[in-house]
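**Student:** next come a sequence and a model predicted from it.
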Amino acid sequence: MAFLTLDNVSHYYFSTTGYTKALEDISLSIDEGEFVSIIGPSGCGKSTILSIIARLMQQTEGHIKLKNEPLADSSLNIGYMLQQDYLFPWKTVMDNILLGPKINGQITDQTKIHARQLLADVNMAETENDFPSELSGGMRQRIALVRTLITNPEILLFDEPFSALDYVTKLKLENLVAKLMETYNKTAILVTHDLGEAISMSDRIFLMETAPGRIAKTFEVPEELRNEAPFFVRRHPKYQPIFDKIWKHLNDDMSDENKGVTTDERNN
Ligand SMILES: Nc1ncnc2c1ncn2[C@@H]1O[C@H](COP(=O)(O)OP(=O)(O)OP(=O)(O)O)[C@@H](O)[C@H]1O
Ligand SMILES: [Mg+2]
């Protein structure tokens with residue numbers, strides 16, 4: 001059964017001088033526990049889709065269902081993680097993590113135990129009394145991930161969460177997130193500009209085109225890659241063929257400059 005479905009979703013941004021059609025007829029369906037990525041050029045509407053699924057705004061047209069219920073009527077939690085961590089600098093790591101449950105009045109004796117378990121899961125067990133300014137960018141993103149997971153979201157939305165990190169930290173975090181999503185059987189949507197990241201983390205990839213934002217093509221990641229940790233996916237013999245196939249669609253007008261560039265060069 002489909003876990004999340006978007007049916008002919010379109011979205012317009014209106015202003016005093018006119019409007020932008022950001023999304024046109026987006027239809028997709030995601031299964032429980034599935035990890036999908038959305039890739040596509042800047043401005044094609046990736047963040048708009050996530051903001052709508054996160055219920056930060058409502059689509060202009062179309063229908064969205066989460067667990068067979070209209071999204072707008074659903075009270076299920078949705079986790080949203082962005083490039084910026086938005087941790088409060090004056091609060092400790094633990095207080096930042098517990099903020100969501102506190103606001104929702106859901107703090108129990110178990111909540112702190114759960115928070116400590118999640119901190120251990122992301123190898124940050126020793127940091128609960130630290131302040132965000134004492135942590136590196138990668139560590140802060142791990143805390144942001146714990147803060148997202150503590151609300152037990154039905155689905156996690158990631159909008160370029162690793163793009164501000166250095167390459168090594170990014171690879172490590174990809175592995176960690178993929179492992180956690182599998183351990184907790186979470187459904188997730190990742191928006192990224194990094195094709196290698198999309199392939200190494202996802203079961204399926206939606207490629208969008210722009211003006212207006214539409215789904216141009218959907219790619220299944222080969223079965224053999226889906227069960228591998230992202231770091232090893234990049235070294236798997238099945239990786240390069242799927243990379244090249246999607247790359248070709250991304251760059252139909254590929255310039256001479258890009259021809260013959262290796263995977264790792266393209267990723268950096
Ligand atoms: N708040 C807004 N008001 C008006 N137009 C907007 C607003 N947010 C986005 N847009 C427009 O909607 C379109 C889709 O924007 P969106 O931010 O979803 O793209 P994106 O794919 O996430 O881009 P990027 O890869 O650069 O993050 C763009 O044309 C953008 O200019
Ligand atoms: Mg965006």
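**Tutor:** That came through, no problem. Ligands and ions are numbered 1, 2, ... in the order given.
**Student:** what are the boundaries of the strands in the stretch 151-268 of the chain?
**Tutor:** 155-159, 187-191, 204-209, 214-220 (DSSP state E, counting those that start in this stretch).
**Student:** which non-adjacent residue is nearest residue 72?
**Tutor:** residue 58 (6.7 Å; Cβ to Cβ, 6 or more residues apart in numbering). For the C-beta atoms, the positions are set from N, CA and C on the backbone; glycine is no exception.
**Student:** pretty sure that neighbour is in a strand, no?
**Tutor:** No - using DSSP: H, G, I helix; E, B strand; the rest coil, the secondary structure at residue 58 is coil, not a strand.
**Student:** hang on, it packs against residue 64?
**Tutor:** No - between residue 58 and residue 64 there is no contact under Cβ atoms under 8 Å: 9.1 Å.
**Student:** for this protein, which residues are neighbours of ligand 1?
**Tutor:** By the rule Cβ under 6 Å from any ligand atom, the part of the chain lying against ligand 1 is 13, 20, 22, 42, 43, 44, 45, 46, 47, 48, 213.
**Student:** follow-up on the earlier one: give the burial count for the residue nearest to residue 72, as a bare number.
**Tutor:** 11 (other Cβ atoms under 10 Å).
**Student:** just the one 3 residues further on next, same as before
**Tutor:** By other Cβ under 10 Å, the residues close to residue 61 number 14.
**Student:** leaving out the residues flanking it, which one is nearest to it?
**Tutor:** Closest residue in space to residue 61, ignoring its immediate chain neighbours: residue 10 at 4.2 Å, by Cβ to Cβ, 6+ apart.
**Student:** quick one: list the elements packing against the helix or strand harbouring residue 142.
**Tutor:** Using DSSP states H and E, residue 142 sits in helix 137-149. Packing partners of helix 137-149 (3 or more Cβ pairs under 8 Å, 6 or more residues apart in numbering; DSSP states H and E): strand 78-82, helix 93-103, helix 109-121, helix 167-183.
**Student:** on that earlier part again, switch the strands of the stretch 151-268 of the chain over to JSON lines; also include mean pLDDT, distance to residue 84 and mean neighbour count.
**Tutor:** Shown next, in JSON lines, are the strands of the stretch 151-268 of the chain (pLDDT from 0 to 100; distance: least, Cβ to Cβ, whole Å; neighbours: other Cβ atoms under 10 Å):
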{"stretch": "strand 155-159", "mean pLDDT": "97", "distance to residue 84": "10", "mean neighbour count": "23"}
{"stretch": "strand 187-191", "mean pLDDT": "98", "distance to residue 84": "14", "mean neighbour count": "24"}
{"stretch": "strand 204-209", "mean pLDDT": "97", "distance to residue 84": "22", "mean neighbour count": "20"}
{"stretch": "strand 214-220", "mean pLDDT": "96", "distance to residue 84": "27", "mean neighbour count": "15"}
